[in-house]
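A.B. asks: just to be clear, the model below is a prediction. Sequence and coordinates:
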Amino acid sequence: MMELVVYGVFVGLSLLAYGTRHLANKSEDKKISVSNVNFKSFQKSFFLVYFLALLGDWLQGPYVYKLYAYYGFKESQIAVLYVAGFASSVVFGTCTGPLADIFGRRKCAIAFSIIYTFCCLTKLSPNFNILFIGRIFGGIATSMLFSTFESWYVYEHSEKHGYPPEWIGITFSITTFWNGIIAILAGIISNVGAETLGFGPVAPFVVALGPLVVCGILVIRTWEENYGNRKNDFSGSCMEGLRIIFRDENILLLGTIQSLLESCMYIFVFLWTPVLDTGSTSAPLGMVFSSFMVCIMIGSSTFSLLASKGFSEENILKFCLYLIAGTMTVCCFTARPDASSLDTLISFAAFLVLEIGIGMYFPAISYLRSQVIPESHRANVMNWFRVPMNIITCGALLCLHIESVSRDKRLVFGACLVLALTGILLCNRFMKTFGAKRMEKLQPVDLGKEEKSGLLTEAEG
């Protein structure tokens, strides 16, 4: 029953995603067309490497929880493994960017391939300690994925080749679109390997070895080394981002809102599998994951439609928080220990709505960050935003060691509801301060459409 529902929902959502994307394209201005042959060749060399890295990352998403459960670990033990990955991001996430600047982005991209390949290999072992080490290295690799590759491209684009800066937006609008397509395909491939062909939940991690190894080989063979500012003091560079956050109320408010909302998102990353894949109701997790990714694409298109109708990004952000608060409220009733099949279906529907909200959230927050964070310290400040998010997420998952919380997930969804409601209150304050500051400028900045139509920056990572 659940399997038929999931496949039917995936087909319906795919048609809806196509329709909303078509409407969004009609509402947007015609994109800049670039016919420079050398630029297109340079783009393709970046896309090939980056898309393989993304595929290797996304393939690991749908069956992480299922694999740990397959090895016989209790939910509290699985939570510790998730916490190891998030804690690793807290410790290393703020320094991967500066380290890449100092030691070289090409070297870090090669290191990403090696580290993430090792992470996948640890999944072949049922030993808890080996899996724990793998999660730590996975957190490091994820931080490198969302800093090193983009930094390498921007330097090559601007400093080495001297292409116009507006062409950068063209490249990243393409990567944003294909990121979503790759995520959907990764979910389907994972489902086929684990469920259809019957190789079990370890299959997606074996498949992920291919693109990760090829990615590293291509970096070695086709990329040249480049660096950032190698003269900056490492510790001073990291702390400067923190000082900037506390000096500007808009940055502090936006960063807090981001931390609260993304905490809900990453707690959901852990919870969706045990809620949907119960003893009485078994769901095809790869197709569920692909359905989530289609919903994110629908949300991205919905953002473009709302923006074209005159809705401000801060209003769209507030609407996303309301959507998340609503879905968490629903799950506070349906994610009970003795959930019926109908309860599970309602939870699944709520999760789909949540993912649509997430799809709207990413382009909204990207635009707002571009307006309030100084360009010179953007990567540093954004890494600091992730610290409280990871701490909140780790705290929530560690609470699963408490038997009453582990048995009744509604308590965790209730905590997420509180986070979302707090985000709404802070968003009201941000809208006042940000609006006042924008009025002072008299001439608002007209950002490129491609930055407003982003789909996914660190997913699930």
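C.D. replies: Received, thanks.
A.B. asks: nearest residue to G56 other than its sequence neighbours?
C.D. replies: Leaving aside its sequence neighbours, G56 sits nearest to L212 (CB to CB, 6 or more residues apart in numbering; 3.9 Å). To be clear about C-beta, it is placed using only N, CA and C from the backbone, and glycine gets the same treatment.
A.B. asks: what's the domain layout of this protein?
C.D. replies: 43-228, 237-453 (automatic domain parsing).
A.B. asks: make a markdown table from those domains and add mean neighbour count, distance to M1 and mean pLDDT to it.
C.D. replies: Compiled in a markdown table, the domains of the chain are given as follows (neighbours: other CB atoms under 10 Å; distance: least, CB to CB, whole Å; pLDDT from 0 to 100):
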| stretch | mean neighbour count | distance to M1 | mean pLDDT |
| --- | --- | --- | --- |
| domain 43-228 | 20 | 16 | 89 |
| domain 237-453 | 19 | 7 | 86 |
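A.B. asks: those: which one's closest to G8?
C.D. replies: Across the domains of the chain, G8 has its closest neighbour in domain 237-453 (10.1 Å, CB to CB).
A.B. asks: quickly find the element holding G56.
C.D. replies: Assigned by DSSP states H and E, G56 belongs to helix 37-58.
A.B. asks: and that helix, what does it pack onto?
C.D. replies: For helix 37-58, the packing partners by 3 or more CB pairs under 8 Å, 6 or more residues apart in numbering; DSSP states H and E come out as helix 105-122, helix 128-145, helix 148-155, helix 166-191, helix 203-222.
A.B. asks: measure A203 to A349 for me?
C.D. replies: 28 Å (CB to CB, to the nearest Å).
A.B. asks: circling back to that earlier point, nearest to M2 among the helices and strands packed on helix 37-58 would be which one?
C.D. replies: Smallest distance to M2 across the helices and strands packed on helix 37-58 (CB to CB): 13.4 Å, for helix 166-191.
A.B. asks: and the angle for the closest one with helix 37-58?
C.D. replies: Computed by axes from the mean of the first three to the mean of the last three CA atoms, to 10 degrees, the angle separating helix 166-191 from helix 37-58 equals 30 degrees.
A.B. asks: specify the local secondary structure of P201.
C.D. replies: Following DSSP: H, G, I helix; E, B strand; the rest coil, the label given to P201 is coil.
A.B. asks: I'd say it and E195 touch.
C.D. replies: No - with contact defined as CB atoms under 8 Å, P201 does not count as touching E195 (9.1 Å).
A.B. asks: related to what we said a few turns ago, need the helices and strands packed on helix 37-58 in CSV (columns: distance to R410).
C.D. replies: Listed next are these as CSV, based on distance: least, CB to CB, whole Å:
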stretch, distance to R410
helix 105-122, 32
helix 128-145, 27
helix 148-155, 39
helix 166-191, 27
helix 203-222, 30
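A.B. asks: G286 is nearest to which of these?
C.D. replies: Nearest of those to G286, taken as CB to CB: helix 166-191 at 2.4 Å.
A.B. asks: now for A100: which residues touch it?
C.D. replies: Counting by CB atoms under 8 Å, 6 or more residues apart in numbering, A100 touches C108, M144, S147, T148, S151, G228.
A.B. asks: please, which helix or strand holds it?
C.D. replies: helix 96-103.
A.B. asks: neighbouring contacts of the helix holding G56?
C.D. replies: With CB under 8 Å, 6+ apart as the test, helix 37-58 has contacts from 34, 109, 112-113, 116, 120, 142, 145, 149, 153, 156-157, 161, 163, 167, 171, 174-175, 178-179, 182-183, 185-187, 208-212, 214-215, 218-219, 222-223, 459, 461.
A.B. asks: again, 7 Å this time
C.D. replies: By CB atoms under 7 Å, 6 or more residues apart in numbering, the residues outside helix 37-58 that reach it are 112, 116, 145, 149, 153, 161, 163, 167, 171, 175, 178-179, 182-183, 186, 208, 211-212, 214-215, 218-219, 222.
A.B. asks: please apply the same query to stretch 4-21.
C.D. replies: Contacts to stretch 4-21, defined as CB under 7 Å, 6+ apart, come from residues 283-284, 287-288, 290-291, 294-295, 297-298, 301-302, 345.
A.B. asks: buried sites along that stretch?
C.D. replies: Within stretch 4-21, the residues scored as buried using 16 or more other CB atoms under 10 Å are V5, V6, V9, F10, L13, S14, L16, A17, T20, R21.
A.B. asks: can I get the residues you listed in a markdown table with secondary structure?
C.D. replies: What follows is the buried residues of stretch 4-21, written out as a markdown table (three-state DSSP):
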| residue | secondary structure |
| --- | --- |
| V5 | helix |
| V6 | helix |
| V9 | helix |
| F10 | helix |
| L13 | helix |
| S14 | helix |
| L16 | helix |
| A17 | helix |
| T20 | helix |
| R21 | helix |
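A.B. asks: which of those has the weakest pLDDT?
C.D. replies: Least confident of the buried residues of stretch 4-21 in the model: R21, at 85.
A.B. asks: for that one, give its distance to L254.
C.D. replies: Distance of R21 to L254, computed by CB to CB: 28 Å.
A.B. asks: the closest residue to E314 other than its chain neighbours sits in which helix or strand?
C.D. replies: Nearest residue to E314 in three dimensions, chain neighbours excluded: M431, at 4.8 Å (CB to CB, 6+ apart). Using DSSP H and E, M431 maps to helix 410-441.
A.B. asks: just checking, what packs against that helix?
C.D. replies: helix 249-276, helix 313-334 (3 or more CB pairs under 7 Å, 6 or more residues apart in numbering; DSSP states H and E).
A.B. asks: just checking, what packs against the first one?
C.D. replies: In terms of contacts (3+ CB pairs under 7 Å, 6+ apart), helix 249-276 is packed against helix 64-70, helix 75-93, helix 234-247, helix 313-334, helix 341-372, helix 378-398, helix 410-441.
A.B. asks: in JSON lines: the ones you listed, plus distance to L55.
C.D. replies: Converted to JSON lines, those look like this (distance: least, CB to CB, whole Å):
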{"stretch": "helix 64-70", "distance to L55": "16"}
{"stretch": "helix 75-93", "distance to L55": "19"}
{"stretch": "helix 234-247", "distance to L55": "31"}
{"stretch": "helix 313-334", "distance to L55": "27"}
{"stretch": "helix 341-372", "distance to L55": "19"}
{"stretch": "helix 378-398", "distance to L55": "23"}
{"stretch": "helix 410-441", "distance to L55": "30"}
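A.B. asks: so for T273, which of these sits nearest?
C.D. replies: helix 64-70 (3.9 Å).
A.B. asks: for D248, give me its contacts.
C.D. replies: With CB under 7 Å, 6+ apart, D248 has these contacts: V372.
A.B. asks: er, E262 actually
C.D. replies: Taking CB under 7 Å, 6+ apart, we find E262 in contact with M389.
A.B. asks: same question for A283.
C.D. replies: Applying CB under 7 Å, 6+ apart to A283 gives the contacts M2, V6, L276, D277.
A.B. asks: TSV please, covering those residues and showing distance to F268.
C.D. replies: Converted to TSV, the contacts of A283 look like this (distance: CB to CB, whole Å):
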residue	distance to F268
M2	19
V6	17
L276	11
D277	14
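A.B. asks: I'm done for today, thanks for sticking with me.
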